[in-house]
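Undergrad: Quick one, fold the following:
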Amino acid sequence: MSYAPSSWKATPVASAYELHVLKRLGCGWSRAGLDAVRAAGGIDTWLQHQLEPGSVPENALTQQVDSWFAVLTRTPAQKAASHNADTYRNWQYGLDLANWSTLRRMYTARPVLETMVDFWSNHLHVSTADEKVYVHHHDYHLTLREHALGRFEDLLVAAATHPAMLLYLDNFRSVRGAPNENQGRELLELHTVGAGAGYTEDMVKDSARLLSGHTVDWGGSYEGYYSTAAHTTGAVQVLDFSHPNASTDGRVACEAYLRHLARHPATAANVARRLAVRFVSDTPSAGLVAHLTEVFTSSGTDIRATLLALVAHPEFRASAGQKVSTPVDDLVATVRSLGVVARKPTRAHGAGSFPMHLNYFHQGLKLYSWPRPDGAPETNPEWSSGVRMLRAYRTHWNLAGGYYPKIDATYPSARSRVPASRLTFAQYVDHLSRSLLGRASTARMLKAACLATGCTPTTRITRTHAVASWQFPHVASVLLDSPEHLTR
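TA: Numbering: from 1, shown residues only. I've put the predicted structure just below:
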């Protein structure tokens, strides 16, 4: 495959808005992403298609990725047996989940869906650091995927009663008369109304009573089920929700409670702010949050409608380049930019196989491993340290050169990136900037590339030049290490 047209002038660039949307919602810039936008007739139509992901044919490689991690589809009992027998451990299932999710983001034709699955997996966080959740974690992410672009109230009901969440937040430990309060508290504080909503400790206890009965047969079948024997009955009051909660089968009362919380004004504001922080700014304006809150509420917690309102807001368009990519975001965007193609893994974890090593390779926080239930940070300072930047530079260097992970991946050759016609080094840098970043180069980029290679702007470049072989990573890293790539 050639990654260069016959002339550098033919290398397309995205408009500022196309580039912004692809980087913020589309898992990063790529030529394939731009082609999809333009084939759809522009950003607005493309986004409408993306919000109905079933209408967008998924590419073959993404479909293959699912088969590479067939162990994730084992039953909970099978996973527990392999862990207990020390043949496949809980941490391996967690790493497989992270690698599977990362690969899907790299190669999907439905990047908005993958982006929103990532968003909800952080808001409704279940950590792989917990030693129990591995038996249900993959199914939990399939559940998030099913509801990621639907209604938040349906998503909340499905997530809050899922066995993975019941294990992670200890609801499975509840017994009649002594419900465990952990999930009841986090449901209020993190997942819905927020700590400032005015609930009391007695309300936390009532929240736990309503959730009790949803449990997991830990140590037996490992399946989730409802136990009337574990449900604590008695009248409850949480904020403006009340219920007699008289039945030993509390599922109807629990669902009513969860749907009430999902539609609560404080939940709307909490979700709106979190969306604005993720997709617009660390400090979104009160006006933007209020607008998203109103749309979320009036639409009946419709995620698509809220996301469309966010993208249409002037603050979104004005926010290009204001968000720092996380290590996983950067890895995904870099692979999409360079056109690295994963192959079916032939090695186990830690043995240098590209698909199996991704969440070690970026040297940052492994996907889904944030140890607290509040989810990993969405703000810039946590991802802007000097150490983090140096690790990003090493990741870019290895991917640009095809150095590591080398096994089970195809890296485009540097020679394939040089246009057939002769061109100057300045033109070559501009071509690479267009190819890798989706934008024309700048004087700063050219100066840095000259310093990195010893070339001058007028040096003549052909496919036999050093920059088309061993010096290519020097040029590519200048571009990939830039703020233009590392910010969204």
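
Undergrad: Quick one: the helices in the stretch 251-400 of the chain, in order.
TA: 251-262, 265-279, 286-298, 303-312, 314-317, 327-338, 354-361, 386-401 (DSSP state H, counting those that start in this stretch).

Undergrad: Residues in contact with the fifth one: which ones?
TA: With C-beta atoms under 8 Å, 6 or more residues apart in numbering as the test, helix 314-317 has contacts from 17, 20, 24, 276, 279-281, 284-285, 288, 310. Bear in mind the C-beta positions are built from the backbone N, C-alpha and C, glycine included.

Undergrad: again, only this time at 10 Å
TA: By C-beta atoms under 10 Å, 6 or more residues apart in numbering, the surrounding residues in contact with helix 314-317 are 16-17, 20-21, 24-25, 276, 279-281, 284-285, 287-288, 291, 309-311, 322.

Undergrad: Alpha carbons only: can I get that helix in CSV?
TA: Output in CSV follows, covering the C-alpha atoms of helix 314-317 (Å, rounded to 0.1, in the frame of the first residue of the first chain):
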residue,chain,number,x,y,z
PRO,A,314,-20.0,27.5,19.8
GLU,A,315,-17.8,26.5,22.7
PHE,A,316,-17.2,23.1,21.2
ARG,A,317,-16.1,24.5,17.8
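
Undergrad: And that helix, what's buried?
TA: Of all the residues in helix 314-317, those buried under the rule 16 or more other C-beta atoms under 10 Å are 315-316.

Undergrad: and the contacts of helix 314-317, which are buried?
TA: The neighbour count (16+ other C-beta under 10 Å) marks 20-21, 24-25, 276, 279-281, 284, 288, 291, 309-311 as buried among the contacts of helix 314-317.

Undergrad: Which strand or helix spans the residue nearest to residue 467 when sequence neighbours are not counted?
TA: Take residue 467 and drop its neighbours on the chain: the residue closest to it by C-beta to C-beta, 6 or more residues apart in numbering is residue 475, 5.6 Å away. Taking DSSP states H and E as the definition, residue 475 sits inside helix 472-480.

Undergrad: After that helix, which helix or strand is next?
TA: Per DSSP H and E, the first helix or strand lying C-terminal to helix 472-480 is helix 483-486.

Undergrad: about what we covered before: for residue 95, find the nearest of the helices of the stretch 251-400 of the chain.
TA: helix 354-361 (6.1 Å; C-beta to C-beta).

Undergrad: follow-up on the earlier one: mean confidence for the helix holding residue 475?
TA: Average pLDDT, helix 472-480: 97.

Undergrad: Out of the helices of the stretch 251-400 of the chain, the one nearest residue 438 is which?
TA: Evaluated over the helices of the stretch 251-400 of the chain, closeness to residue 438 peaks at helix 327-338, with 8.2 Å, by C-beta to C-beta.

Undergrad: now the closest one: how far from the chain's centre is it?
TA: With C-alpha atoms, centre = their mean, to the nearest Å as the basis, helix 327-338 stands 12 Å off its chain's centre.

Undergrad: What spatial separation is found between the nearest residue to residue 256 once chain neighbours are set aside and residue 215?
TA: Leaving aside its sequence neighbours, residue 256 sits nearest to residue 243 (C-beta to C-beta, 6+ apart; 6.6 Å). Applying C-beta to C-beta, to the nearest Å, the value for residue 243 to residue 215 is 20 Å.

Undergrad: just residue 101 next, same as before
TA: Plainly put, residue 101 is 27 Å away from residue 215 if you go by C-beta to C-beta.

Undergrad: Have a look at the two and say which one is more surrounded.
TA: For residue 101 versus residue 215, neighbours defined as other C-beta atoms under 10 Å are more numerous around residue 101 (25 against 22).

Undergrad: residue ranges with poor pLDDT in this structure?
TA: Residue ranges of the chain with pLDDT under 70: 1-7.

Undergrad: for it, which helix is longest?
TA: What stands out as the longest helix in the chain, according to DSSP state H, is helix 90-107.

Undergrad: and that helix with helix 354-361, angle?
TA: Here the directions of helix 90-107 and helix 354-361 differ by 100 degrees (axes from the mean of the first three to the mean of the last three C-alpha atoms, to 10 degrees).

Undergrad: what's residue 324 in contact with, if anything?
TA: Contacts of residue 324 (C-beta under 10 Å, 6+ apart): 282, 330, 379-384, 388-389, 483, 486-488.

Undergrad: same deal with residue 399?
TA: Going by C-beta under 10 Å, 6+ apart, residue 399 touches 331, 334-335, 337-338, 340, 354, 361, 405, 409, 411, 473, 476-477, 480.

Undergrad: please redo it, this time with the cut-off set to 6 Å
TA: Contact partners of residue 399, counting by C-beta atoms under 6 Å, 6 or more residues apart in numbering, are 334, 338.

Undergrad: Next one: it relative to residue 415, how far apart?
TA: Note on residue 399: its distance to residue 415, by C-beta to C-beta, is 17 Å.

Undergrad: Then residue 40?
TA: Distance, residue 40 to residue 415, by C-beta to C-beta: 33 Å.

Undergrad: just residue 134 next, same as before
TA: For residue 134, the distance to residue 415 (C-beta to C-beta) stands at 44 Å.

Undergrad: got it, and residue 376?
TA: Relative to residue 415, residue 376 is positioned 39 Å away (C-beta to C-beta).

Undergrad: same deal with residue 451?
TA: From residue 451 across to residue 415, the span is 23 Å (C-beta to C-beta).

Undergrad: which one of the two has more residues nearby?
TA: Ranked by neighbour count (other C-beta under 10 Å), residue 451 and residue 415 place residue 415 first, with 16 against 11.

Undergrad: Pull the contacting residues for that one.
TA: Each residue near residue 415 by C-beta under 6 Å, 6+ apart is listed here: 463, 468.

Undergrad: So for residue 434, what's the nearest residue that isn't a sequence neighbour?
TA: Nearest in space to residue 434, with sequence neighbours left out and distances taken as C-beta to C-beta, 6+ apart, is residue 11 at 4.1 Å.

Undergrad: tally of neighbours for that neighbour?
TA: 20.

Undergrad: before we move on, what about residue 360?
TA: Residue 360, neighbours per other C-beta under 10 Å, totals 16.

Undergrad: ok, how many other residues are close to the closest residue to it other than its chain neighbours?
TA: Spatial nearest neighbour of residue 360, chain neighbours left out: residue 350 (6.8 Å); criterion: C-beta to C-beta, 6+ apart. Using other C-beta under 10 Å, residue 350 has 10 other residues around it.

Undergrad: Please name the nearest non-neighbouring residue to residue 14.
TA: Spatial nearest neighbour of residue 14, chain neighbours left out: residue 438 (4.3 Å); criterion: C-beta to C-beta, 6+ apart.

Undergrad: wait, what's in contact with that neighbour?
TA: By C-beta under 6 Å, 6+ apart, the contact set of residue 438 is 14, 19, 29.

Undergrad: Helix, strand or coil: sort out residue 86 for me.
TA: Residue 86 falls in the coil class when you classify it by DSSP: H, G, I helix; E, B strand; the rest coil.

Undergrad: Quick check on it: phi, psi?
TA: Torsion angles at residue 86 (phi, psi; degrees, to the nearest 10) stand at phi 60, psi 30.

Undergrad: ok, it - how many residues close by?
TA: By the criterion of other C-beta under 10 Å, residue 86 has 7 neighbours.

Undergrad: Run a quick neighbour tally on the residue nearest to residue 52 when sequence neighbours are not counted.
TA: Using C-beta to C-beta, 6+ apart and skipping residues adjacent in sequence, the residue nearest residue 52 is residue 149, 8.0 Å away. As a burial measure, residue 149 scores 21 neighbours (other C-beta under 10 Å).
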